[in-house]
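Colleague: This is a predicted model, with the sequence first.
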Amino acid sequence: MALIETIDLWKTYVMGAEEIHALRGVTIQMERGEYVAIMGPSGSGKSTLMNLIGCLDTPTKGSYLLNGKQVGQMNDNELARIRNEEIGFVFQTFNLLPRATALHNVELPLVYAGVPAKERQERAKAAIDKVELTSRMTHRPNELSGGQRQRVAIARALVNNPSILLADEPTGNLDSKTGAEIMHLFERLHKAGNTIIIVTHEADVASFAYRTVYIRDGQVENDVRRAA
């Protein structure tokens, strides 16, 4: 059973009298343990596809199965649980709480999940250790470099042991050297068994993935795999 399966997925936005088809019948499968880049120019539909995979939005028609479950039939509570427990999000802008330490930022998803304080701390420390930032865990975001902030964001995404790590332009706000370090970190996480999906318009970022899905005009234009 595929981890992610979309069947004839459409997303249409109504802008005044105009209908904009952001996705036009996308059918795709992704297996557990894959490392996939979704690529496409601005306006291609790649971010819309990411929002649907991440349960941040719902399709206009078609179906999306995550772990064999129909996402379209879930209520708001079930979707919130999926977003908190099944999917770890990494954003270009880090989205960290400025007054909270790195450790507390990483703990946040566990707070929402109702995990007891002692276990929360242990799991957050383990996640920070995975991104090699243990020495900085008491620092606040303004005391960290851009690359360190992105590591905190990745640790936060990992802390619930999600089925999918979903990263949207994860190196977009970083210089090329720091961006390469973050991509090497994703590579290590993938080798450790994590399923990773990266949305990017940069070919050098996509080159780290073992499969690249090219989106153009809301459709899959190409789906290329490279040998592991």
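Modeller: Nice, I can see it.
Colleague: pLDDT on the helix or strand containing Val36, on average?
Modeller: Assigned by DSSP states H and E, Val36 belongs to strand 35-39. Per-residue pLDDT over strand 35-39 has a mean of 97.
Colleague: so Leu23, which of the three states?
Modeller: Secondary structure for Leu23, judged by DSSP: H, G, I helix; E, B strand; the rest coil, is strand.
Colleague: So which helix or strand of this structure has the lowest pLDDT on average?
Modeller: Taking mean pLDDT, DSSP states H and E as the measure, the helices and strands of the chain show their lowest mean at helix 76-85, namely a mean of 88.
Colleague: What are the contacting residues of the following helix or strand past it?
Modeller: Using DSSP H and E, the helix or strand that follows helix 76-85 towards the C-terminus is strand 87-90. Taking contacts as CB atoms under 8 Å, 6 or more residues apart in numbering, the residues outside strand 87-90 that touch it are 53-55, 83, 150, 153-154, 156-160, 162-168, 170. No exception for glycine: its C-beta is placed from N, CA and C like everyone else's.
Colleague: For Ile4, what are phi and psi?
Modeller: In terms of degrees, to the nearest 10, the main-chain angles of Ile4 are phi -120, psi 130.
Colleague: Around it, how many other residues sit close by?
Modeller: A count of nearby residues for Ile4, using other CB atoms under 10 Å, gives 21.
Colleague: That one and Ile28 touch, don't they?
Modeller: Yes: counting by CB atoms under 8 Å, Ile4 sits close enough to Ile28 to count as a contact (7.4 Å).
Colleague: Against which helices or strands is the strand holding Val36 packed?
Modeller: If contacts are counted by 3 or more CB pairs under 8 Å, 6 or more residues apart in numbering; DSSP states H and E, strand 35-39 sits against helix 46-53, helix 176-191, strand 196-200, helix 203-206, strand 211-216.
Colleague: Just say which of the ones you listed is most tucked in.
Modeller: Per-stretch averages of neighbours, counted by mean count of other CB atoms under 10 Å, single out strand 196-200 among the helices and strands packed on strand 35-39, with a mean of 25.
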